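Undergrad: here is the input, now give the coordinates:
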Amino acid sequence: MAVINLTEARIRDLELGSGIWRDEQVKGLMVVCHATTKTYAVQGDVRRNGRHVRTVRVKIDRVDRIGLREARNKAKAIMSQIQSGVDPTAGPEESGITVAKALEVHLGEKTFRDATVESYRYHIDHYLSRYKNRAVTDLSRNEVRDIYDRLRERNGQTTASGVMRTLRAVINTAMRMDETIASNPVAAIRIPMPKRREVDGLDLEAWWTLTEELPPIRRDVHRAMLLTGARRSSILRVRRSDVDFDKGVLIFNHMKTGGRMLFPMGMWLTNMIKDRLDHDVPLNNPWLWPSPTSECGHVTEPKQGADLPSPHEYRHHARTLFIASGVPYAESALLLGQRLPGASGGYVHAEHLVEHLRPHAQALENTVLATRKLVEAVLQIEGCRNAA
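TA: Okay, the predicted model is just below:
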């Protein structure tokens, strides 16, 4: 690639097919001699924040259509853009979108739970802080693979997989905005599926006895978690005002699927919550499950001891007990706050089916209470023996 002082005469004398000739006077201007034509073009490096983004070449026009002076003026204007960090070949305004910008767009496209938003931001700000101001198009497969390997070594497989899923989702959003991003570099990584949660069977007799030994509030929390199968955030954030005894429903305002859910309470659960509210009136606490030692005012960690299930394990047990109680799949899914699959599932609104779902919620309660009555009968027999 020769550098010469271009003149009209020298350009005419350049042989076709001789390649690229750069101009001494205007930086970036060149004459490209193709096999059959000669064209003016300008080439430069796009830099942002002192970082090389890409090298671009812009065709100006054929030499037989414009003169050298006009070509130089156009080259100066284009080089001014390039040196300002603007890619004149990008087209859309979104070209060159950074990881941080793509994250904001991704989070703004639909409503996410607060915990999901917090998780996305933490992954980008904490684990990918070195890359969040990088243009997405500059992230190569090898670089992403190095990030993944480093995270696995330092933070473990679970964290590395979570961060990569976040990055993959963010880049997918960037690809819809920036047509210069040809592919998602995270696709080069085989992210293992999360391990299936192993949940042991629940011995209802032993479980009922163990919950009986808990403090009253924790005892009621555990029993409510099994009788509703609700997610942790849904059940623990219930306020006193979310209990509607007139309609016989427990209102969950924190749902993973969005919106709120009206859970039809069984008769025993209704009475248990009535007792709970009456007992806690002196506390003047707005939460259904108050905790004086918690900063937020309610129970946040219900699991107590290795022998009792976690909140999510209660969902597994509730699903299993729904089946054992003869509850159909669709009804049990709706009672668990899940969306039904398929296109028709979008037309089903659980809040309009409260009374239809009530017998199925009662069926689960009856299955659990049958064990409770058995335990109470055994305890009564043992008490009579001790008295004798």
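Undergrad: going by C-alpha atoms from here, please, whenever you check contacts or count neighbours.
TA: OK.
Undergrad: what ranges do the strands span in the stretch 201-350 of the chain?
TA: Applying DSSP state E, counting those that start in this stretch to the stretch 201-350 of the chain gives strands spanning 243-244, 249-252, 261-264.
Undergrad: and the shortest one, which strands flank it?
TA: The reference is to strand 243-244. Using DSSP bridges, strand 243-244 pairs in its sheet with strand 249-252 (antiparallel).
Undergrad: follow-up on the earlier one: of the strands of the stretch 201-350 of the chain, which stretch is the most buried?
TA: strand 261-264 (a mean of 24; mean count of other C-alpha atoms under 10 Å).
Undergrad: so which elements touch it?
TA: strand 249-252, helix 354-387 (3 or more C-alpha pairs under 8 Å, 6 or more residues apart in numbering; DSSP states H and E).
Undergrad: which pLDDT value goes with the nearest residue to I97 once chain neighbours are set aside?
TA: Distances taken as C-alpha to C-alpha, 6 or more residues apart in numbering put A135 closest to I97, at 5.5 Å, once the chain neighbours are dropped. A135 carries a pLDDT value of 85.
Undergrad: measure A135 to L227 for me?
TA: As for A135, its distance to L227 is 50 Å (criterion: C-alpha to C-alpha, to the nearest Å).
Undergrad: neighbour count winner among those two?
TA: Higher neighbour count among A135 and L227: L227, with 28 against 20, using other C-alpha atoms under 10 Å.
Undergrad: wait, isn't that one in contact with T367?
TA: No - counting by C-alpha atoms under 8 Å, L227 sits too far from T367 to count as a contact (9.8 Å).
Undergrad: what about A174, which SS state?
TA: helix (DSSP: H, G, I helix; E, B strand; the rest coil).
Undergrad: pull the contacting residues for it.
TA: Counting by C-alpha atoms under 8 Å, 6 or more residues apart in numbering, A174 makes contact with I97, V99, A102, V136, I181.
Undergrad: again, only this time at 7 Å
TA: Shown in contact with A174 (C-alpha atoms under 7 Å, 6 or more residues apart in numbering): I97, A102.
Undergrad: okay, now the residue lying closest to Q83 once chain neighbours are set aside: neighbour count?
TA: Excluding its sequence neighbours, the residue lying closest to Q83 (C-alpha to C-alpha, 6+ apart) is V46, at 6.3 Å. By the criterion of other C-alpha under 10 Å, V46 has 21 neighbours.
Undergrad: which neighbours in the sheet does the helix or strand where V46 lies have, and how are they oriented?
TA: Using DSSP states H and E, V46 maps to strand 38-48. Partners of strand 38-48 in the sheet, by DSSP bridges, are strand 29-33 (antiparallel), strand 51-62 (antiparallel).
Undergrad: could you tell me the least trusted of those strands?
TA: Mean pLDDT per stretch puts strand 51-62 lowest among these, at a mean of 86.
Undergrad: flag every buried residue along that one.
TA: By 16 or more other C-alpha atoms under 10 Å, the buried positions in strand 51-62 come out as V53, R57, V58, K59, I60, D61, R62.
Undergrad: now, which of those residues sits nearest G326?
TA: Closest to G326 out of the buried residues of strand 51-62 is V53 (61.7 Å), distances taken as C-alpha to C-alpha.
Undergrad: ok, so what distance separates the residue nearest to I97 from V46?
TA: The gap separating A135 from V46 is 12 Å, by C-alpha to C-alpha.
Undergrad: for the stretch 151-300 of the chain, what spans make up the helices?
TA: 157-177, 204-212, 216-228, 232-236, 267-279 (DSSP state H, counting those that start in this stretch).
Undergrad: can you list the weak-confidence ranges in the stretch 151-300 of the chain?
TA: Applying pLDDT under 70 to the stretch 151-300 of the chain flags residues 194-198.
Undergrad: list the contacts for A224?
TA: Shown in contact with A224 (C-alpha under 7 Å, 6+ apart): no residues.
Undergrad: and for V3, nearest residue in space, chain neighbours not counted?
TA: Counting by C-alpha to C-alpha, 6+ apart, R22 is the residue found nearest to V3 once chain neighbours are left out, at 4.5 Å.
Undergrad: report the rounded mean pLDDT for the one helix or strand that neighbour maps to.
TA: Assigned by DSSP H and E, R22 belongs to strand 19-23. In this model, strand 19-23 has a mean pLDDT of 92.
Undergrad: just how off-centre is it within its chain?
TA: Taking C-alpha atoms, centre = their mean, to the nearest Å, the mean C-alpha location of strand 19-23 is offset from the chain mean by 51 Å.
Undergrad: for stretch 41-49, same thing?
TA: Centre-to-centre, stretch 41-49 and its host chain are 36 Å apart (C-alpha atoms, centre = their mean).
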